[in-house]
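J.: kindly return the folded structure for what I paste below:
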Amino acid sequence: MIYSMVITRKAKSAILLLASLLAILTVCKLFQNSTESAATGIQKRLVPIYYVDTEEKKIAISFDASWGAEHTPKILEILRENNLKTTFFLTGFWIDKYPDLVKQIAAEGHELGNHTATHPHLNTLDKSAIKEELKKVHASLYELTGQEPFLFRAPFGEYSNKVIEAAGELNYFTIQWSVDSLDWRDLSKQEIVSRVTGQLHPGAIVLFHNNGTHTAAALPEILAFAKEKGYEIVPVSELIYKDNYYIDSSDGAQKKSS
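T.: The predicted structure follows:
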């Protein structure tokens, strides 16, 4: 009887020890999985280029074209007078409606970017459909101007890993912005000027729209301010790094790899 009780106690102790070890192993495994998931999440989170991390006083001005063209000739005139080259992100239906303006923009030395064929909410599409949106615009721009675009801006500024991956698989850099003029909201000339001049910084990418009501009126004052502050204005492709870089997922800064 005594021998039986000793065995039972030993068995209970062994069971408790085994249970404790299993619990410790389970906690360790959960912690490991959690750590790996967090690391994977950080590693896999993709963001566009919002701006370039540089001490050089360079900025890029860009125009999205997805509706109307009434103010575009005036914008081109102002850019011509200031001897500036910029980047125009064009949608497919705008290209189809204004092919002569597309040719003029290119002929005057401006860079053409891809803003999708139909300006959809890309996050609602699968990767194949996203690529088709970009391929159609790419083909149209090449046919009209001979330019092979490699800069892409997502409609509405909406993106996801899927969107950026699809663009990257077509050799496109996905470009966002760090200074938003909000000219599409029909802000007054002075409101646009104040917004843009108040936010300029080295490496900035500025967003305008080709047919904002007061964009053309605001441009001369913004350009004069940038010049006075010593900024050089270049197309987006001349601002960004093409290789040996990474993008900070916290703010979209494109940084040179060490």
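J.: run through the stretch 101-250 of the chain and note the low-pLDDT ranges.
T.: The model of the stretch 101-250 of the chain has no residue with pLDDT under 70.
J.: beta-bridge partners for the residue nearest to Gln199 when sequence neighbours are not counted, please?
T.: Using Cβ to Cβ, 6 or more residues apart in numbering and skipping the chain neighbours, the partner closest in space to Gln199 is Val179 (4.6 Å). Quick note: C-beta positions are derived from backbone N, CA and C, even for glycine. Beta-bridge pairing for Val179 (DSSP bridges): Val206.
J.: could you pull out the helices for the chain?
T.: 2-44, 72-81, 92-97, 99-107, 127-145, 161-169, 189-199, 215-228, 236-239 (DSSP state H).
J.: next one: the fourth one to chain centre, how far?
T.: Distance of helix 99-107 from the chain centroid (Cα atoms, centre = their mean, to the nearest Å) equals 25 Å.
J.: got the buried residues for that helix?
T.: Going by neighbour count (16 or more other Cβ atoms under 10 Å), the buried part of helix 99-107 is 101-102, 105-106.
J.: okay, those residues in JSON lines with distance to Glu232 next?
T.: Shown next, in JSON lines, are these (distance: Cβ to Cβ, whole Å):
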{"residue": "Leu101", "distance to Glu232": "26"}
{"residue": "Val102", "distance to Glu232": "26"}
{"residue": "Ile105", "distance to Glu232": "21"}
{"residue": "Ala106", "distance to Glu232": "22"}
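J.: and of these, the nearest to Leu122?
T.: When those are compared for distance to Leu122 (Cβ to Cβ), Val102 wins out at 22.1 Å.
J.: was I right to think that closest one contacts Leu90?
T.: Yes. Between Val102 and Leu90 there is a contact under Cβ atoms under 8 Å: 6.5 Å.
J.: between the two, what contacts are shared?
T.: 112, 141 (Cβ atoms under 8 Å, 6 or more residues apart in numbering).
J.: is Phe63 bridged to anything, and to what?
T.: On the basis of DSSP bridges, Phe63 is bridged to Phe88, Phe208.
J.: Leu90 versus that one, what's the distance?
T.: 9 Å (Cβ to Cβ, to the nearest Å).
J.: Val179 versus Phe89, what's the distance?
T.: Per Cβ to Cβ, Phe89 is found 15 Å from Val179.
J.: ditto for Ile61
T.: 9 Å.
J.: out of these two, which sits in the busier spot?
T.: A side-by-side neighbour count of Ile61 and Val179, using other Cβ atoms under 10 Å, places Ile61 first with 26 against 21.
J.: look at the more buried one and report its pLDDT.
T.: Looking at Ile61, its pLDDT stands at 98.
J.: ok, it touching Ile233?
T.: Yes. Counting by Cβ under 8 Å, Ile61 does reach Ile233; the two are 5.7 Å apart.
J.: coming back round to it: overlap in contacts of Ile61 and Val179?
T.: Residues touching both Ile61 and Val179 (Cβ under 8 Å, 6+ apart) are Val206.
J.: so who does Val102 touch?
T.: Applying Cβ under 8 Å, 6+ apart, we find Val102 in contact with 90, 95, 112, 141, 144-145.
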